[in-house]
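Enquirer: quick one: sequence plus predicted model below, questions after.
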Amino acid sequence: MSRQEQDALSRTALGVFRLNGQFLAVSEKLAEPAGLTAAWWQVLGAVLPEPLPVAGIARVMGITRQSVQRIADLLVREGLAAYEPNPAHRRAKLLAPTEAGHAAIDRIGPGHAELAALLARELGGQEAFDETVRVLERLSGALEAVSARYADPEPS
């Protein structure tokens with residue numbers, strides 16, 4: 001690895017860490033009027049398209065199953081989500097948003113739309129915003145492709 005590659009990796013990591021903090025701060029503000037936290041919104045958002053088991057949510061979000069389990073249990077206790085039977089796995093129930101969960105997400109919509117418009121304008125338009133998304137998705141895919149090497153130690 002060249003020094004230039006190492007510097008690029010360090011700058012990328014620091015940028016992504018900062019971006020994560022910025023997204024979390026903005027997400028907390030957006031979620032607050034709906035009575036949600038950013039983490040609750042994140043988990044509910046993962047199951048809006050279709051119910052998923054906790055492990056599936058964790059994979060989609062890139063966080064631990066235990067973190068998702070704790071939030072899922074809170075969402076269920078608050079009536080924002082419910083566990084449903086999973087035809088593919090008897091013990092791994094599916095998490096699905098309730099009507100109250102959908103209503104909470106809907107309350108985030110106006111602030112979310114405003115932020116999206118502001119970001120698109122700041123980035124130079126929708127085309128530039130779309131390119132930003134493509135670059136981030138490409139980076140995530142590349143990191144996923146190479147990270148297996150670092151996840152499991154090689155046999156000695």
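Expert: Nice, thanks for sending it over.
Enquirer: count the residues that sit near residue 21.
Expert: One way to gauge burial is a neighbour count; for residue 21, by other C-beta atoms under 10 Å, it gives 10. Heads up, the C-betas are built off the backbone N, CA and C, glycines and all.
Enquirer: can you tell me how far the most centrally placed residue in the chain sits from residue 47?
Expert: Compute the mean C-alpha point of the chain, and by C-alpha atoms, centre = their mean the closest residue is residue 61, 4.4 Å away. Look at residue 61 and residue 47: by C-beta to C-beta, to the nearest Å, they are 11 Å apart.
Enquirer: in a strand, residue 86, correct?
Expert: No. Read with DSSP: H, G, I helix; E, B strand; the rest coil, residue 86 is coil and lies in no strand.
Enquirer: show me what contacts it?
Expert: Shown in contact with residue 86 (C-beta atoms under 8 Å, 6 or more residues apart in numbering): 53, 92, 93, 94.
Enquirer: among these, which pair sits farthest apart?
Expert: By the measure C-beta to C-beta, 92 and 94 form the most distant pair in these, at 7.8 Å.
Enquirer: what residues do those two have in common as contacts?
Expert: By C-beta under 8 Å, 6+ apart, the residues touching both residue 92 and residue 94 are 53, 86.
Enquirer: who's more crowded, the two?
Expert: residue 94 (20 against 13).
Enquirer: other SSEs contacting the helix or strand where residue 56 lies?
Expert: Element membership of residue 56 [criterion: DSSP states H and E] is helix 54-61. If you count contacts as 3 or more C-beta pairs under 8 Å, 6 or more residues apart in numbering; DSSP states H and E, helix 54-61 packs onto helix 38-46, helix 65-77.
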